[in-house]
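Undergrad: Mind looking at a prediction? Sequence and model below.
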Amino acid sequence: MKRLFFALFASLALLVVSLPAAPPYYPIDDIKAGMVATGHTVWQGDKIEEFQVHIIGVLRNVIGPRRDLILARLEGGPLAQTGVIAGMSGSPVYLDGKLIGAVSYSLGAFSKEPIAGITPIAEMIDAATLDTPRPPMGTRARLELPVTQESVAAAMRASMAWARPFADRPGDVQIFGDGVSGQIATLLRPIATPLNLGGFSPDVAEMLGAAFRDHGFLPVAGAAAAGQASSSSMNSSPLRPGSAVGVNIVSGDFNMGATGTVTEVVGNKIYAFGHPFFNLGPIAFPMTQAYIHALLPSMTSSMKISTLGDVIGTVRQDRATTIAGLTGAGPSTIPVKIALESDRGYKKQFEFRVVNDQLFTPLFTYASILSTLTSYERETGAATFSIKGTMNVKAHGEVKIEDLFSGNSASMNTAGSIMAPLTFLLDNDFEPIQIEAVDLTIQSTEQPRTATIERVWLDGVRPRAGRTVPLKVLMRTYRGEEVVHTVPLEIPANATGSLSVMVSDGTRLAQWERREVRQPSEPRSVPQLMRALNTLRKNNRLYVRLLASDSGAVVRGEPLSSLPPSVLGVLEADRSTGDLMPLRTATLGEWNLPTEYAVVGSRMLTINIE
């Protein structure tokens, strides 16, 4: 028994010895005005340097209930000339060797002194332990066409759980410090985050930059792609408190990422920024090394000029007081390939990877396609783009891409045709979706290619049940040329009486279906969503429908035509769930014919079956 006791005791003692010591954090309740602390950050390269932090006081409830900030004046290095610098977010501050928190807030633009707010480290660590699932954005947050600076900003506002990070009224803030006015709390804002934008055309970069600037970022166009500088200027040393750290969203021929500073490292856990990135909650964004090339002093907002390096982990939490992640393997990102082929004889290949995210995947895929088209094709005047490709969805197969866009907005419509299905897939209400790859081929010409439906008729044959009759469709091109297509119209053997033949472009057919068939536009499952995306009406198709008056219903999103009266009666008797919609028209046959034009127009033809 004694041997067993001593063995148990030895095991417990060994376990206690092997546990890591608790990090030495300085309690916020013990912080007083007049104390002098030390901050760590990178001014240039990857060398961590010190600066002084003079404590002014403590502001309670300044960024929300029970959210506090330590107010301080910074001194040392370039701070006298630059003020608080964008990219300093997360710089750790130590008092008597114990970590207080992260430099994270400033007084905004045009401040004459480097006054900063420090987020307590305890609040950063507590926030990073939250593990609530991220809800879908919902229709209010979806990007809508046309994509503009305003629509991007509106989608960002709606999708980000952005609590106001500063006090509205001085009276809401409890002040601990002599000579500190509550008014200062209403002026505090998160330190701006430098945002590298590379590869995007000037117009697209300006649209993105303006939208992100409204949310506390400082966009810089033309930075190198992630990983390009790692071999020449970065070392592979592990992240330490005070190191520059990057968060990458797009990498490759197009790139977008932000730079901040590491606050604390506990094992393989990294805490940084001291304020939100986007406050998205649970995320899976690549964490990268970062290299500071220089400081850019400015009267409005000085900033660090940086380059993102190799991926060294995953940012898993984006919360009101911190971003946090794990070093090691990076997250799964979506590879996108674009092949651009022009009738002027050249072929270009573009590749990039984008994070799997409800907002940023559609947004930056759209921006990259649009930048590709506007950089290599003309931005004004009519043009035509034919797009083909696939979108691989894990466990659900492929969404096939094939369409043609012509006219003055062809480039935006082409990019939007990829953004829309990505948005619906990633923001569905049924289950998480993983996009495995997007592969596109775009053929371009500077000539418009449109054709209008002018006339439809049966060519010399009397329609009879069970027969196939040739339906003729006359279209007139944008140059006035006549183009005739023949569609073999198969009349069912049981067809009788008067039937209608509708010949239409995709847009008008979809409008007719919503008006007449009243089929619900919202799918009820991922398979229904996939089917809906794969049957979207296309611009370069002639659509033909053979219609008859009949009774049916749409039940839980599935159209059922030609129902027996007894079945229809049972369904209509129980409509309490709202899952049934009556149908008054039956589709006896449907055909679509690919063309070389963007088809416009609609015609109806009535035929009598003998």
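TA: Received, thanks.
Undergrad: Return the residues in contact with L529.
TA: L529 makes contact with 424-425, 428, 430, 523 under the criterion CB atoms under 8 Å, 6 or more residues apart in numbering. For every residue, glycine as well, the C-beta is placed using N, CA and C.
Undergrad: show me where the stretch 351-500 of the chain has strands.
TA: 383-393, 397-407, 435-445, 450-458, 468-477, 482-490, 497-504 (DSSP state E, counting those that start in this stretch).
Undergrad: tilt between the one helix or strand M530 maps to and strand 397-407?
TA: Element membership for M530, per DSSP states H and E: helix 526-534. Going by axes from the mean of the first three to the mean of the last three CA atoms, to 10 degrees, helix 526-534 is angled at 30 degrees with respect to strand 397-407.
Undergrad: May I have the beta-bridge partners of V250?
TA: Here V250 sits in beta bridges with M256, V354, going by DSSP bridges.
Undergrad: what's the burial count for it?
TA: V250: 30 surrounding residues under other CB atoms under 10 Å.
Undergrad: Relative to G198, how far out is it?
TA: 9 Å (CB to CB, to the nearest Å).
Undergrad: if we can go back for a sec, most neighbours of all the contacts of L529, which one?
TA: L425 (22 neighbours).
Undergrad: OK, contacts around the residue lying closest to that one once chain neighbours are set aside?
TA: Nearest non-adjacent residue to L425, counting by CB to CB, 6 or more residues apart in numbering: I433, 4.9 Å away. By CB under 8 Å, 6+ apart, I433 lies in contact with 393-394, 396, 425-426, 526.
Undergrad: switch to 10 Å and redo it
TA: 356, 358, 393-396, 422, 424-427, 526, 529-530 (CB atoms under 10 Å, 6 or more residues apart in numbering).
Undergrad: returning to what we had before: reformat the contacts of L529 as JSON lines; add pLDDT and distance to P241.
TA: Converted to JSON lines, the contacts of L529 look like this (pLDDT from 0 to 100; distance: CB to CB, whole Å):
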{"residue": "F424", "pLDDT": "89", "distance to P241": "42"}
{"residue": "L425", "pLDDT": "92", "distance to P241": "39"}
{"residue": "N428", "pLDDT": "87", "distance to P241": "40"}
{"residue": "F430", "pLDDT": "89", "distance to P241": "42"}
{"residue": "P523", "pLDDT": "80", "distance to P241": "48"}
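Undergrad: which of those lies closest to G281?
TA: The closest of those to G281 turns out to be N428 (CB to CB; 18.0 Å).
Undergrad: Make sure that closest one is actually in contact with I435.
TA: No. Between N428 and I435 there is no contact under CB atoms under 10 Å: 11.9 Å.
Undergrad: any idea whether the closest residue to T327 other than its chain neighbours is helix, strand or coil?
TA: In space, T327 comes closest to G313 once its chain neighbours are excluded; the distance is 3.9 Å by CB to CB, 6+ apart. Under the three-state scheme (DSSP: H, G, I helix; E, B strand; the rest coil), G313 adopts strand.
Undergrad: Who is G313 paired with across the strands?
TA: In beta-bridge terms (that is, DSSP bridges), G313 pairs with M287, T327.
Undergrad: Likewise for A244?
TA: T261.
Undergrad: what's the neighbour count on it?
TA: 30.
Undergrad: Could you pull up the residues touching it?
TA: Counted by CB under 10 Å, 6+ apart, A244 has contacts 41-42, 45-46, 48, 87-88, 90-91, 234, 259-262, 272, 288-292, 304, 306-309.
Undergrad: Could you rerun that using 8 Å?
TA: A244 neighbours (CB under 8 Å, 6+ apart): 42, 46, 87, 259-262, 289-292, 304, 306.
Undergrad: Can you lay out the residues you listed as CSV showing neighbour count?
TA: Formatted as CSV, the contacts of A244 follow (neighbours: other CB atoms under 10 Å):
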residue, neighbour count
V42, 24
D46, 17
G87, 28
T259, 30
G260, 29
T261, 32
V262, 26
Q289, 26
A290, 31
Y291, 24
I292, 23
K304, 27
S306, 26
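Undergrad: Sort out for me which of those are in strands.
TA: Within the contacts of A244, residues falling in strands by DSSP state E are 42, 259-262, 289-292, 304, 306.
Undergrad: In a markdown table: the residues you listed, plus pLDDT.
TA: As requested, these are exported to a markdown table (pLDDT from 0 to 100):
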| residue | pLDDT |
| --- | --- |
| V42 | 96 |
| T259 | 95 |
| G260 | 96 |
| T261 | 97 |
| V262 | 98 |
| Q289 | 94 |
| A290 | 94 |
| Y291 | 93 |
| I292 | 94 |
| K304 | 93 |
| S306 | 92 |
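Undergrad: Go through these and name the one nearest A415.
TA: T259 (27.7 Å).
Undergrad: contacting residues for the closest one?
TA: 87, 193-194, 196, 244-247, 290, 292, 304, 306, 308.
Undergrad: The same query, at a cut-off of 7 Å, please.
TA: 87, 194, 244, 246, 290, 304, 306 (CB atoms under 7 Å, 6 or more residues apart in numbering).
Undergrad: CSV please, covering those residues and showing distance to S375.
TA: Below are the contacts of T259 laid out as CSV (distance: CB to CB, whole Å):
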residue, distance to S375
G87, 29
P194, 24
A244, 30
G246, 25
A290, 27
K304, 28
S306, 25
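Undergrad: the inter-axis angle of the strand or helix carrying I334 versus strand 435-445?
TA: Secondary structure assignment for I334, by DSSP H and E: strand 333-342. Orientation of strand 333-342 against strand 435-445 (the same axes, to 10 degrees) gives an angle of 10 degrees.
Undergrad: shaky segments in the stretch 501-610 of the chain?
TA: The model of the stretch 501-610 of the chain has pLDDT under 70 over residues 516-521, 550-584.
Undergrad: quick one: the helices in it?
TA: 506-512, 526-534, 565-573 (DSSP state H, counting those that start in this stretch).
Undergrad: Parallel or antiparallel, which strands does the strand holding I334 pair with?
TA: Here, using DSSP bridges, strand 333-342 pairs with strand 347-355 (antiparallel), strand 435-445 (parallel).
Undergrad: Pipe those strands into JSON lines and attach mean neighbour count and mean pLDDT per row.
TA: As requested, these are exported to JSON lines (neighbours: other CB atoms under 10 Å; pLDDT from 0 to 100):
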{"stretch": "strand 347-355", "mean neighbour count": "18", "mean pLDDT": "95"}
{"stretch": "strand 435-445", "mean neighbour count": "19", "mean pLDDT": "96"}
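Undergrad: For V147, find the nearest of these.
TA: strand 347-355 (15.5 Å).
Undergrad: what's that closest one in contact with?
TA: With contact meaning CB under 7 Å, 6+ apart, strand 347-355 is reached by 249-254, 285, 333-341, 360-361, 364-365, 368, 372, 376.
Undergrad: Can you say which helix or strand has R157 in it?
TA: helix 149-159.
Undergrad: Give me the pLDDT for the spatially most central residue of the chain.
TA: Nearest to the mean C-alpha position of the chain, by CA atoms, centre = their mean, lies F360 at 1.6 Å. Looking at F360, its pLDDT stands at 91.
Undergrad: shaky segments in this structure?
TA: Using pLDDT under 70, the flagged stretches of the chain are 1-23, 62-66, 108-112, 130-146, 158-186, 222-236, 378-381, 516-521, 550-584.
Undergrad: one more time with 50, if that's ok
TA: 1-2, 4-22, 139-140, 162-163, 165, 223-232, 576-578 (pLDDT under 50).
Undergrad: what about the helices in the stretch 1-150 of the chain?
TA: Using DSSP H, counting those that start in this stretch, helices in the stretch 1-150 of the chain cover 2-18, 79-82, 121-128, 149-159.
Undergrad: Which strands or helices does the last one pack on?
TA: The one in question is helix 149-159. Contacts defined by 3 or more CB pairs under 7 Å, 6 or more residues apart in numbering; DSSP states H and E place helix 149-159 against helix 202-213.
Undergrad: what residues does the helix it packs on touch?
TA: With CB under 7 Å, 6+ apart, helix 202-213 has contacts from 148-149, 152-153, 156, 195, 197, 200, 219, 221, 367, 370-371, 374.
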